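In: Compute the structure for the input listed below.
(one chain, ligands or ions: 1)
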Amino acid sequence: MKLTMIALAGLFILGGCQEATPPAAQEPVPTMSVNDLMVTVVTPATDTLWGIEDPQTDEDWQVFIDAADVVIEAGETIKVGGTGPNDNTWASDPAWDAFADRLIGAGVDARNAANNKDVEAMYTAGEVLYPPCEECHIQFHPGVQ
Ligand code: HEC
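Out: Predicted structure coming up:
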């Protein structure tokens, strides 16, 4: 009887744990190096955001919503690392994480601005977007413009 109670208690605890633990957030799995991500993903998306002129239609604005989403996704991937030789060392540095978070924050600003079709807010988001690029490059990859 005692043993049954203990076994039941164990089951209860296990069951309770499973319920209490939310499903793990989906971490992106990097499929390329940080450098490739910069060149093929980050740069085109940020060029789009920085190049905003005078979007009119929903389709025009969707381009900026998509570009902002790419920046956010890229930021999440940057935090995980990449397939390059130094990527995981970089990604384990708290300063790296902080730069990536600022990139993500600017991406979120840009996404909100695009959702609201607010060109002024897009410019502001674009201004917030640039410093983390420059500062992260100075710290982790001196020489990159
Ligand atoms: C978290 C740090 C970090 C942030 C934020 C970051 N970069 Fe980078 N970037 C790097 C590192 C590190 C490299 C070099 C990677 C390597 O050499 O393996 C790099 C390389 C690049 C390259 C390639 C340069 C070359 O010489 O080939 C470009 C382009 C680039 N980044 C653009 C950007 C832009 C634009 C932003 C902002 C929108 C940005 N990066 C934000 C860390 C960062």
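
In: near the ligand, which residues of this structure?
Out: 33-35, 38-39, 42-43, 46, 78, 84, 86, 90, 96, 99-100, 103, 129, 132-133, 136-137, 140-141, 144 (Cβ under 6 Å from any ligand atom). Heads up, the C-betas are built off the backbone N, CA and C, glycines and all.

In: Quick one: buried ones out of those?
Out: Among these, those classed as buried by 16 or more other Cβ atoms under 10 Å are 33-34, 38, 42, 46, 78, 84, 90, 96, 99-100, 103, 129, 132-133, 136, 140.

In: looking at this structure, which helix or strand does the model trust least?
Out: Least confident helix or strand, the chain: helix 2-20 with a mean of 48, by mean pLDDT, DSSP states H and E.

In: The following helix or strand past that one - what's its average pLDDT?
Out: Per DSSP states H and E, helix 2-20 leads on to helix 34-37 as the next helix or strand towards the C-terminus. Taken as a whole, helix 34-37 carries a mean pLDDT of 97.

In: Quick check: buried residues in the helix or strand following helix 34-37?
Out: Toward the C-terminus, helix 34-37 is succeeded by helix 43-50 as the next helix or strand (DSSP H and E). Under the neighbour-count criterion of 16+ other Cβ under 10 Å, helix 43-50 has 45-46, 48-50 buried.

In: Let me know the average pLDDT across helix 43-50.
Out: The model assigns helix 43-50 a mean pLDDT of 98.

In: Could you do stretch 55-70 as well?
Out: 98.

In: what's the distance between it and the middle of its chain?
Out: 18 Å (Cα atoms, centre = their mean, to the nearest Å).

In: picking that back up, filter the buried ones among the residues of the chain next to the ligand down to the ones in strands?
Out: Per DSSP state E, strands hold no members of those.

In: quick revisit: and the buried residues of helix 43-50 as CSV, adding distance to Ala67?
Out: Shown next, in CSV, are the buried residues of helix 43-50 (distance: Cβ to Cβ, whole Å):
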residue, distance to Ala67
Ala45, 4
Thr46, 8
Thr48, 4
Leu49, 5
Trp50, 10
